[in-house]
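Student: Curious how this folds, go ahead:
(2 chains)
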2 protein chains.
Amino acid sequence: MASEEGVIKIIRNKQVILRDYVSGFPKESDMQVVSSGTIKLKLPEGCEGVLVKNFYLSCDPYMRGRMTKCDPGTRYLDSFNPAYKRIWSGKVLESGDPKFKEGDLVWGITGWEEYSLITGTATQSLFKIHNTHDVPLSYYTGILGMPGMSAYVGFYEVCSPKKGETVFVSAASGAVGQLVGQFAKLSGCYVAGSAGTKQKVDLLKNKFGFDEAFNYKDEPDLDAALKRYFPEGIDIYFDNVGGKMLDAVLLNMKMNGRIAACGMISQYNLEQPEGVHNLLSLIMKQVHLKGFLVFNYYHLYGKFLERVLPAIKEGKITYVEDVAEGLESAPAALIGLFAGRNVGKQVVVVSRE
Amino acid sequence: MASEEGVIKIIRNKQVILRDYVSGFPKESDMQVVSSGTIKLKLPEGCEGVLVKNFYLSCDPYMRGRMTKCDPGTRYLDSFNPAYKRIWSGKVLESGDPKFKEGDLVWGITGWEEYSLITGTATQSLFKIHNTHDVPLSYYTGILGMPGMSAYVGFYEVCSPKKGETVFVSAASGAVGQLVGQFAKLSGCYVAGSAGTKQKVDLLKNKFGFDEAFNYKDEPDLDAALKRYFPEGIDIYFDNVGGKMLDAVLLNMKMNGRIAACGMISQYNLEQPEGVHNLLSLIMKQVHLKGFLVFNYYHLYGKFLERVLPAIKEGKITYVEDVAEGLESAPAALIGLFAGRNVGKQVVVVSRE
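Tutor: This is a model prediction of the structure:
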C-alpha cells in the first residue's frame, strides 16, 4: 500500500463513523462502517503531520462519554462526530514531524479507520514504540498504553499502597483491572476482584493471581459479599464501575482508606446516574476518594514502562486480550464492552503488522 | 462550691441524659435534665484523674451520630448512654494528674453536667488553656477548640488553598463555616457561603467578609445558584452538609478541585441517606474528595493556635456565638442546631466563670 516511486496512491479508507449522538445503551446500529472516504497515501506538501497505517484499535469504556452530545467545555473530552477517536497502534508511512520517521511504530489517539493523517496538536499525544521485538504491538493499546497507565497511576500515584494492605478491584478482568490486581500482588497486598461471569472470575484467580474473586451478578447483597472477602475492611478500592458497588464498598472501607475513581462503567448508559448513599463513610473512616484522568499523568509514562515491560518479559505480569478481527467487527466489539461480553482487554485488529 | 478545709462537700450534680437512642429527627423529650446524681467534690484517694467544674458546653452536629444506636466498632465514635459526652471548657478543682493543677482552665470532652471527674485515657484529650485574659473562655468550645480545628484542618491541610482560588462553604455561618470563610479571605481567595436564613446570609456578608452568600432555602435549583456565584467553577468546597448541596457542587467543581468532607448535617436525621448522583464529576474534573476526623489532627493544635489567636486579638478574625443560659436550656439548644435555629456557634453556659 506504500506509495511507489513517482506514483501517489489514492485509496479508499475504511472508517467507522457514529451515525448520531447516543443516549442510553448504545447499539451496533448507532455506528456504521463506511468505505466512501479516500485518502492520499502522501503527506500534503509542507505538512508537519504524520501519516500512519493502523494495525490495532482499542475499545475502552471512556469512549461512551464521547458518544453523548454535551455542551462544549462541560466535559473533559468534547463529544466527537462523525468518526470516533480512539487509541490505536500502527506504523508511520510518512512523517513531516522530525520526531517520527517512516517505519516507526507508534501509538496514540486517532480516528477509527485504516489510515490516519495526524496533524497539529494531535501529534503531541503520539508515542514512539521502541521495543516491538519483545511484546506484541497490540499491547500498546492496552497494558502498555492508556489502560496500563490508568492502572499504574490509580494504584501507585493515587492510592500509595503499602505491603499487607487489602485491595479491592471492580471490573477486575478488564484492561485496567487485571493489571491493578497484579500490581497489588507485586506490592505484597491481599487483593480481591469482582467481575460479571464465572469465566472472568476463574481468570482472576487462576491467571492473574487474585487472592479471591466473585461474580457480582451472583451476589444479591454486595455489602455481604465484600464483608466475606474483607472481614477487616478495605484499604484500597480501585473503582472502575461506580454505582451500587461503590456504595457497598463505602460501607467496608478501613480507616484512612483510599479510593481511586478511574471509571464508572455501570453509570455510562443510564439517563440519570444512580444515587450513592453511603458517602458519610468518607468522613467516618477518613477516606480519600480521588478521581483521576490518565492523560494528566503521561509525564510518568517512561517510569511506568520501566516497571511494567521487564515484568511482562519475566512473566511476572500477564495479560489477556479479547481480539476482534477486522474494522467491521469494531461496532459489535465496542457494544460488547458495555454488556461485559469481552474477556480481557478488547482489541480490534485493523490490519496485521 | 469548693471544698472547705476539713469538709468534703457532696453535692447534687445536675446532668442532661439521653432517655434512649434516637432515630430520625431528635426531640427535646429524648433528653432529660436530672439532679438525682451526686458528686463528691474531692478526688478519690490515689486517683490520677482531674475534677473539674464546667462553665461552657458545646453543641455540635457530630453529636447526632452519637445518639444513634449502632454496633460497637462500626462507627468512629461509639454511641453513648446515658449521659452525653461533649466539648466543654471549665476549671480544675482538684487534680491527681501532674499535668494539671487546681485553678487551671481546661477544655476537652466530658459529660453534660455541672461537675465532671475525668479519669483514665479521657485525660489525654484534656487541653490546658494558657491565654484566658485575651479571649472569652467559651471560645475554647468553638473557634479555639474542636470546631476551629476542623476549619483549620479541612481548609489548610485537606484543601491546600492557593491565592485567587474560589471557595464555597455550606452551613457557612456555623461554628466551622464562619472560620473557613475568614481563612479563605486571609488566603486571598474568593469565597461564597450558603446558610438557611436571611439573618445568617447577612452575617456572612457583613460580619464575616464573605464575597457572596445565599439562602439555600430560597433556591429551587442549587446548581443554578452555584453557577451564579461561581461562573467559572469551584476550586475548593468545604462540605458541612452533604446531600443535595454536595450533588450540586459536584457539577460545578473546577479541574483539580478539592472537597473537604467535614460533616453532612443534612443527612444525620434521615433514616436512609439521600443518594448523590454526580460522582462521575470526580473523575471528569479530577477532584480530590477527602473525609477527615479532626481528632486525628490534634498534633497541629499548637500551630493552629499560633495562627488563630493573634488574628482574633488583632480583629482579623471575628466570631459569633449563640449563647443559651443554663444546663436546662441545653436540650433545646441541641435540637435547634438541627433545625438551623442557632445563629453562629451554639454554646450553653453551665456556670459563669
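Student: give the contact list for A:G193.
Tutor: A:F168, A:V169, A:S170, A:A172, A:S173, A:G177, A:G181, A:L204, A:F208, A:F210, A:E212, A:A213 (Cβ atoms under 8 Å, 6 or more residues apart in numbering or on different chains). Glycine gets a C-beta too; all of them are placed from N, C-alpha and C.
Student: Show me just the buried residues among those residues.
Tutor: A:F168, A:V169, A:S170, A:A172, A:S173, A:G177, A:G181, A:L204, A:F208, A:F210, A:E212, A:A213 (16 or more other Cβ atoms under 10 Å in any protein chain shown).
Student: Read off the pLDDT value for the last one.
Tutor: Which is A:A213. pLDDT recorded at A:A213 is 98.
Student: before we move on, which element is it in?
Tutor: Following DSSP states H and E, one finds A:A213 within strand A:212-215.
Student: list the helices and strands that strand packs on?
Tutor: Packing partners of strand A:212-215 (3 or more Cβ pairs under 8 Å, 6 or more residues apart in numbering or on different chains; DSSP states H and E): strand A:190-195, helix A:198-206, helix A:222-229.
Student: If I take the last one and strand A:190-195, what angle do their directions form?
Tutor: Between helix A:222-229 and strand A:190-195, the angle comes out at 150 degrees (axes from the mean of the first three to the mean of the last three Cα atoms, to 10 degrees).
Student: same deal with the longest one?
Tutor: Put simply, helix A:198-206 runs at 170 degrees to strand A:190-195, going by the same axes, to 10 degrees.
Student: Now do stretch A:98-106: distance from first to last residue.
Tutor: 14 Å (Cα to Cα, to the nearest Å).
Student: the strands in the stretch 51-200 of chain A, which residues?
Tutor: For the stretch 51-200 of chain A, applying DSSP state E, counting those that start in this stretch gives strands covering A:85-95, A:105-111, A:115-118, A:127-128, A:166-169, A:190-195.
Student: residues touching the closest residue to chain B within the stretch 201-350 of chain A, list them.
Tutor: Of all residues in the stretch 201-350 of chain A, the one sitting closest to chain B is A:G275 (1.4 Å; Cβ to the nearest Cβ). Residues counted as contacts of A:G275 (Cβ under 8 Å, 6+ apart) are B:E274, B:G275, B:V276, B:H277.
Student: same thing with A:T166?
Tutor: A:T166 neighbours (Cβ under 8 Å, 6+ apart): A:C189, A:Y190, A:V191, A:A192, A:F230, A:E232, A:G233, A:I234, A:D235, A:I236, A:K254.
Student: Out of these, which end up buried?
Tutor: Using 16+ other Cβ under 10 Å as the burial test, these include A:C189, A:Y190, A:V191, A:A192, A:F230, A:G233, A:I234, A:D235, A:I236, A:K254 as buried.
Student: possible to save these as JSON lines with pLDDT and distance to B:W107?
Tutor: Output for these, formatted as JSON lines (pLDDT from 0 to 100; distance: Cβ to Cβ, whole Å):
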{"residue": "A:C189", "pLDDT": "98", "distance to B:W107": "41"}
{"residue": "A:Y190", "pLDDT": "98", "distance to B:W107": "42"}
{"residue": "A:V191", "pLDDT": "98", "distance to B:W107": "44"}
{"residue": "A:A192", "pLDDT": "98", "distance to B:W107": "44"}
{"residue": "A:F230", "pLDDT": "98", "distance to B:W107": "38"}
{"residue": "A:G233", "pLDDT": "98", "distance to B:W107": "33"}
{"residue": "A:I234", "pLDDT": "98", "distance to B:W107": "36"}
{"residue": "A:D235", "pLDDT": "98", "distance to B:W107": "34"}
{"residue": "A:I236", "pLDDT": "98", "distance to B:W107": "37"}
{"residue": "A:K254", "pLDDT": "98", "distance to B:W107": "31"}
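Student: With distance to A:L293 added, can I get the residues you listed in JSON lines?
Tutor: Listed next are the buried ones among the contacts of A:T166 as JSON lines, based on distance: Cβ to Cβ, whole Å:
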{"residue": "A:C189", "distance to A:L293": "24"}
{"residue": "A:Y190", "distance to A:L293": "28"}
{"residue": "A:V191", "distance to A:L293": "24"}
{"residue": "A:A192", "distance to A:L293": "26"}
{"residue": "A:F230", "distance to A:L293": "28"}
{"residue": "A:G233", "distance to A:L293": "28"}
{"residue": "A:I234", "distance to A:L293": "23"}
{"residue": "A:D235", "distance to A:L293": "23"}
{"residue": "A:I236", "distance to A:L293": "19"}
{"residue": "A:K254", "distance to A:L293": "26"}
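Student: Show the overlap between those residues and what lies near chain B.
Tutor: Contacts with chain B are made by none of those, judged by Cβ under 8 Å from any Cβ of the partner chain.
Student: Could you tell me the phi and psi values at A:L126?
Tutor: Note on A:L126: its backbone torsions stand at phi -100, psi 130 [degrees, to the nearest 10].
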